[in-house]
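A.B. asks: next comes the sequence, and after it the predicted model I'd like to discuss.
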Amino acid sequence: MATFLPLSRAVSDNLNDGDTAAFEGFTHLIPTAAAHEAIRQGFRDLTLVRMTPDLVYDQMIGMGMANKAVFSYAGNPGVGLLRRLRDAVENGFPQPLEIEEHSHAAMANAYEAGAAGLPCAVFRGYRGAELARVNPNIKSIVCPFTGEKLAAVPALRPDVTFIHAQKADHKGNVLVEGIIGIQKEAVLAAKRAVVTVEEVVDNFAGIHPNACILPSWTVHAIAVVPGGSHPSYTHGYYARDNAAYLEWDEIASDRERFRAWMQENVIEKSADDFAGRVAHLRKAA
């Protein structure tokens, strides 16, 4: 059952060196505050999993936290490259990074397989694609019923998944609205799940009947962090900070500037600093 904890405790209790960790969010509800807390606590040797790594994984990789990334797209959305990730892959700085690249469909199916307790995901995909030449975890199988050749990839079962969401109630149930991406499946596939939320409410009265609700038994820890997905957006709360994504491209392009920015804006900050951004972000929403 979900326990309400300060973010620092939620991260330290559920993330360990060497873990396979997913910080999931599909352009929306990206768990930035949780990632920054993991950076402050200095975890190492992580395998980072995510459909669309963007700024937070660039930051974690640039700080030497990861030795492998499993993903289906890596980039600064609407801007270009992830420069710290590229530096790690091409130059081994600050340490070498192994990459395992998939399609979006493969990642989504792999999370669903993990959530279902299956060893692998089987789906139609990779026809005419060449990723299998560089990714040995892309296999093919023949359907025993139709003879059709299908793609297969290992199930994704993270040690821990972190997501951001709009609300939790006092019982620890979590409401996720807007673009959900693969967050639900990533939580259900993980051994442990940590959710940061904008607020805690008495109930979810008045929500759409098709809204995504993660019951409390699927979540290990909840931390209340208003503004916790900045610079991504949280539907109904604040807009995407496009300027921050543009600025990041310049910051990340230089190793020394990157380290100085991280020291000032992450290492020396805390989760409380996210709350201070909420008024500004809501004005822009």
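C.D. replies: Happy to help now that I have it. As the structure is a prediction and not an experimental result, all values here were calculated from the model.
A.B. asks: can you list the domain ranges for the protein.
C.D. replies: According to the domain assignment given by automatic domain parsing, the chain is divided into the following structural domains: 3-101+157-278, 104-154.
A.B. asks: would CSV of those domains with mean pLDDT be doable?
C.D. replies: Rendered in CSV, the data for the domains of the chain read as follows (pLDDT from 0 to 100):
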stretch, mean pLDDT
domain 3-101+157-278, 95
domain 104-154, 95
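A.B. asks: deepest of the ones you listed, which one?
C.D. replies: Of the domains of the chain, the one with the most neighbours on average (mean count of other C-beta atoms under 10 Å) is domain 3-101+157-278, at a mean of 19. From N, CA and C alone the C-beta is placed, and that goes for glycine too.
A.B. asks: pull the distance from that one to the chain's centre.
C.D. replies: Per C-alpha atoms, centre = their mean, to the nearest Å, the displacement of domain 3-101+157-278 from the mean C-alpha position of its chain is 5 Å.
A.B. asks: can you list the residue ranges for strands in the stretch 51-200 of the chain?
C.D. replies: Listed in chain order, the strands of the stretch 51-200 of the chain (DSSP state E, counting those that start in this stretch) span residues 66-71, 98-101, 120-123, 139-142, 149-154, 160-169, 174-176, 192-201.
A.B. asks: by contact count, what packs against the third one?
C.D. replies: When contacts are defined as 3 or more C-beta pairs under 8 Å, 6 or more residues apart in numbering; DSSP states H and E, strand 120-123 sits against helix 104-115, strand 149-154.
A.B. asks: dump the strands of the stretch 51-200 of the chain to a markdown table, plus distance to Y233.
C.D. replies: Formatted as a markdown table, the strands of the stretch 51-200 of the chain follow (distance: least, C-beta to C-beta, whole Å):
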| stretch | distance to Y233 |
| --- | --- |
| strand 66-71 | 21 |
| strand 98-101 | 26 |
| strand 120-123 | 29 |
| strand 139-142 | 37 |
| strand 149-154 | 30 |
| strand 160-169 | 10 |
| strand 174-176 | 14 |
| strand 192-201 | 11 |
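A.B. asks: and of those strands, who's closest to A88?
C.D. replies: Proximity to A88, assessed across the strands of the stretch 51-200 of the chain by C-beta to C-beta, is greatest for strand 66-71 (8.0 Å).
A.B. asks: any idea which of the helices and strands packed on strand 120-123 gets closest to V201?
C.D. replies: helix 104-115 (26.2 Å).
A.B. asks: which strands or helices does the closest one pack on?
C.D. replies: Secondary-structure packing of helix 104-115 (3+ C-beta pairs under 8 Å, 6+ apart): strand 120-123, strand 149-154, helix 183-189.
A.B. asks: could you give the angle of the second one to strand 66-71?
C.D. replies: Right, strand 149-154. Calculated by axes from the mean of the first three to the mean of the last three C-alpha atoms, to 10 degrees, strand 149-154 forms an angle of 150 degrees with strand 66-71.
A.B. asks: list the contacts of P154.
C.D. replies: For P154, the contacting residues are A110, P119, C120, A121, N137, taking C-beta atoms under 8 Å, 6 or more residues apart in numbering as the criterion.
A.B. asks: beta partners for the third one?
C.D. replies: Per DSSP bridges, residues listed as beta-bridge partners of C120: P154.
A.B. asks: quick one: which of the helices and strands packed on helix 104-115 is nearest E98?
C.D. replies: For the helices and strands packed on helix 104-115, distance to E98 was read as C-beta to C-beta. The smallest value, 14.9 Å, belongs to strand 149-154.
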